[in-house]
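In: need a structure here:
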Amino acid sequence: MLQWRVIVLAALAVLLLLSGLAALILPDPHEGPVLYDFDEQHAVRALDVLGLILLVLGCALAWGAGTLWQQRMYAS
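Out: Predicted structure coming up:
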């Protein structure tokens, strides 16, 4: 049986995880304004926060796809 909901959730999870990682690896000049400054070498910038949010959403979608798949497999 082809579970299209699981496939869509898993694909969205992969896209969110990749975009979150891409936002985190950008160099400092491209990351936007500083939100919190630790010292002269370390700071939290706008795209760091966005990357973290995208990673959390991607993990949640991957977990949701896994639980949906388990429910569908063990329900029969």
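In: Quick check, central residue of this structure?
Out: Taking CA atoms, centre = their mean as the criterion, residue 55 is the residue nearest the geometric centre of the chain, at 2.2 Å.
In: you'd agree that one is up against residue 17?
Out: Yes - taking contacts as CB atoms under 8 Å, residue 55 lies within contact range of residue 17: 6.2 Å. C-betas here are computed from N, CA, C, even on glycine.
In: before we move on, back to that, for the residue nearest to the centre of the chain, give me its contacts.
Out: Taking CB atoms under 8 Å, 6 or more residues apart in numbering as the definition of contact, the neighbours of residue 55 are 16, 17, 20, 21, 24.
In: So which residues of this structure form helices?
Out: For the chain, helices defined by DSSP state H occupy the ranges 4-24, 46-75.
In: Just tell me which of those ends up closest to residue 37.
Out: With CB to CB as the criterion, residue 37 lies closest to helix 46-75 of the helices of the chain, at 12.3 Å.
In: can you give me how far the closest one is from the chain middle?
Out: Between the centre of helix 46-75 and the centre of its chain there are 8 Å (CA atoms, centre = their mean, to the nearest Å).
In: quick one: that helix to helix 4-24, angle?
Out: With axes from the mean of the first three to the mean of the last three CA atoms, to 10 degrees as the basis, helix 46-75 and helix 4-24 are set at 160 degrees to each other.
In: what mean pLDDT would you report for helix 46-75?
Out: For helix 46-75, the per-residue pLDDT values average out at 93.
In: Stretch 36-43 now?
Out: 89.
In: now do the same end-to-end measure for that stretch.
Out: For stretch 36-43, the separation between the terminal residues is 6 Å (CA to CA, to the nearest Å).
In: Mind listing what's buried along that stretch?
Out: Using 16 or more other CB atoms under 10 Å as the test for burial, stretch 36-43 gives no buried residues.
In: ok, now stretch 64-76?
Out: Of the residues in stretch 64-76, those scored as buried under the neighbour-count criterion (16+ other CB under 10 Å) are 64, 65, 69.
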